[in-house]
Every structure is written in structure tokens, then in C-alpha cells.
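# Sequence unavailable; structure follows:
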DNA sequence: ATTGAAAATCACGACGG
DNA sequence: CCGTCGTGATTTTCAAT
């Protein structure tokens, strides 16, 4: 991927609603050239979509936690991600190297809701859990640096 | 926050570029009523912004890791987030309960870049690090469930 | 791959209820 | 807080290069 595409992706990562007109001005291209590049970036999957960034406190999900999980039966097939996908409190699921198999990022309304979620996770995927509660988030969702050459 | 605002936030979290016209159709309100609500949600900070979701593999940052940090000198003032903010490879910084003080989410181009980043983190914030490498990401950035009543 | 221009759609503010 | 309406901006497609 070359310079102008990187620049477009950088700009859209910072402001997902930036207009094609503005993108055109920032890149020095015409509006339709930018338009076509953005469509191609979307089709190629470089841009996977667009999202509003939500204040979880304001929205009633003030408690964030990281939940590391480990299978109870290490011989069983590992389909934890699918078995957990129905739990909408789970925002992300990463397979990781190390002692545990996945790290989940979860958002809930309260400590009680977290307790119930953990029970649900253990029951749904037959895993043990280790939970790290987030106290505050100095920053999050910082856009990637694609080398502003 | 009530029903219609929750619905708007849910829709924008799923598609941050959805037009006001579409939001109006989905909510049963007029375009300008939706417009007014979105502006208010933005001003109140419920919607913090909009971002394109980027495929980090496609963009040359295929290696994701979680880095937990702990101060070398527990008595020193804890300003790690500010001291690390200049490192653009750090996507997020969460203060956490437990043995360690922060969890960082980082994105880099290669194992070598990760090694250099870790040295930079330790030097910049006077901390020790413990790193968990992400092998794959079954899902990420799932929109919050604000109770579709 | 890029442009310019036409046509359709949309954003946005003013106003009245 | 909502709807109607009008204007200007934006998106989107297309022919041409």
C-alpha cells in the first residue's frame, strides 16, 4: 500500500466521518479519486468498517475488565470463541501465547453483572477464568501510526 | 438516557457512517430530530468520536501484544501514561487492579519492533514489563449491547 | 488511476407547533 | 422536543483520458 492510501487510512482512523471533500483536500486528489480509493480500501478489507466511539460510563457499562481463560480439559477441542460469541458483554477475544489461551475484554454494568458474566463464561466454554479489573483508562483507540512520510 | 438515544448510539456503534436519513428511518423520527439528538449525544460526550476500523495486518502492523507494566520504584510518582503517550505503537493504556499497574495494548510491525518498543517503554516510564503476544483475534470491537428493549 | 460534471441524496439551520 | 421546509454541500455514477 502506498503513500496516499496510508494517508487516507490515517485520516479515516482519526475521523471516521470525514467527508470525501475533506479527504480530497488533505490528499491533493480530486473528490472522485479519493472516493474510488476509499471504496477499494473497503473492498480489500483494509478498512473493515466504521464505528462511533462510545463513552461506556455514559451508556451504563462503566466496568471494564480483562478476563484470561484456560480450558478445564486441555484435550477438548478449543472452540471457546464461538461458544462465547453470544455473550454481548464480550467486546473482544484474542488468542494469546502463554499460560492461558484467550484474553477477553468485557464491559458490564456492575460488579454483580461481572460475577454473573464470569459464571456464564466458565459454564459456556468449560474454562477457568482470571480477571483483571480496569480502574481507569488514560487513553484508548488511538489511531495507528502508518508512518507519516 | 432513554430508548431512542440508546438505539441511535447502538446503530452508530455498528455503522459510524450511517446517514441521518437512515437513522431517521430506523428510529421512526424525522431527520432533523435525529440530527439534533446525535449532536446532543456528541456534545454530552456519549459519542466521543468516529473511527474507521483498520485491518492491522493489511497496514503493516500485524503483531499485537498486551504489555503489563509495574514501576521499578513503587515510591516514585506514577505518571506512566503521560510518559508513554509519545509512543504511537501504544493503542490503549488501562490502569488496572492487581499486581501490575497498567495494561498497554500495542501494535507493531515485527518481533524486532516489539523488542525495541519494550526497551523504550521500560526506559521512558522506569517500569518492568510483562508481555503477552496475541496469536490471532477471533473478534474485536463488537458494539455494546445497550439492551434492545 | 484520474478528472470533471451531472444527478441524486444528504446535512443543516430556521421556523412554528 | 418534534416536524416541515429550503438551501447549499456531499455523495455517487459516468464518460473521457
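Now that the structure is in, tell me what you want to look at. Since we're looking at a predicted model, the values are computed, not measured.
# Pick out the residue nearest the middle of chain A.
Centrality entry for chain A: nearest residue to the mean C-alpha point is residue A:92, 5.7 Å, by CA atoms, centre = their mean.
# for chain A, which strand is longest?
The longest strand of chain A (DSSP state E) is strand A:127-139.
# which stretches of chain A have low pLDDT?
For chain A, the stretches flagged by pLDDT under 70 are A:1, A:148-149.
# just the strands in it please.
With DSSP E as the criterion, chain A has strands spanning A:47-54, A:63-71, A:90-96, A:102-108, A:127-139.
# can you pull the contacts of the residue lying farthest from the centre of chain A?
Going by CA atoms, centre = their mean, the residue of chain A most distant from its centre is residue A:30, 32.0 Å out. Residue A:30 makes contacts with residue A:24, as judged by CB atoms under 8 Å, 6 or more residues apart in numbering or on different chains. Just so you know, the C-beta spots here come from the backbone N, C-alpha and C atoms, and that holds for glycine as well.
# Repeat the analysis, applying 10 Å as the threshold.
For residue A:30, the contact set (CB atoms under 10 Å, 6 or more residues apart in numbering or on different chains) comprises A:20, A:24, A:36.
# and these, which are buried?
Buried members of the contacts of residue A:30, counted by 16 or more other CB atoms under 10 Å in any protein chain shown: A:20, A:24.
# Out of the contacts of residue A:30, which are close to chain B?
For chain B, no contacts are drawn from the contacts of residue A:30 by CB under 10 Å from any CB of the partner chain.
# Dump the contacts of residue A:30 to TSV, plus distance to residue B:85.
Formatted as TSV, the contacts of residue A:30 follow (distance: CB to CB, whole Å):
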residue	distance to residue B:85
A:20	31
A:24	31
A:36	36
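# Dump the contacts of residue A:30 to TSV, plus distance to DNA strand C.
Formatted as TSV, these follow (distance: CB to the nearest atom of the strand, whole Å):
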residue	distance to DNA strand C
A:20	10
A:24	8
A:36	5
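# out of the contacts of residue A:30, who's nearest residue A:115?
Distance to residue A:115, by CB to CB, is smallest for residue A:20 among the contacts of residue A:30, at 47.4 Å.
# how about that closest one, what does it touch?
A:29-38.
# Pull up the residues of chain A that are close to DNA strand D.
By the criterion of CB under 7 Å from any atom of the strand, the positions of chain A lying close to DNA strand D are A:19-22, A:31-32, A:35-36.
# For the residues you listed, pick the one with the most neighbours.
The residue in the residues of chain A next to DNA strand D with the most neighbours, by other CB atoms under 10 Å in any protein chain shown, is residue A:20 (17 neighbours).
# Distance-wise, check that one relative to residue A:86.
Distance, residue A:20 to residue A:86, using CB to CB, to the nearest Å: 38 Å.
# ditto for residue A:47
Taking CB to CB, one finds residue A:47 at 27 Å from residue A:86.
# which one of the two has more residues nearby?
A side-by-side neighbour count of residue A:47 and residue A:86, using other CB under 10 Å, places residue A:47 first with 24 against 9.
# Give me the nearest residue to residue A:104, chain neighbours excluded.
residue A:67 (4.3 Å; CB to CB, 6 or more residues apart in numbering or on different chains).
# what residues are up against the one you found?
Contacts for residue A:67 (CB under 10 Å, 6+ apart) come out as A:84, A:89-90, A:93, A:100, A:102-106, A:114, A:117-118, A:121-122, A:127, A:129-133.
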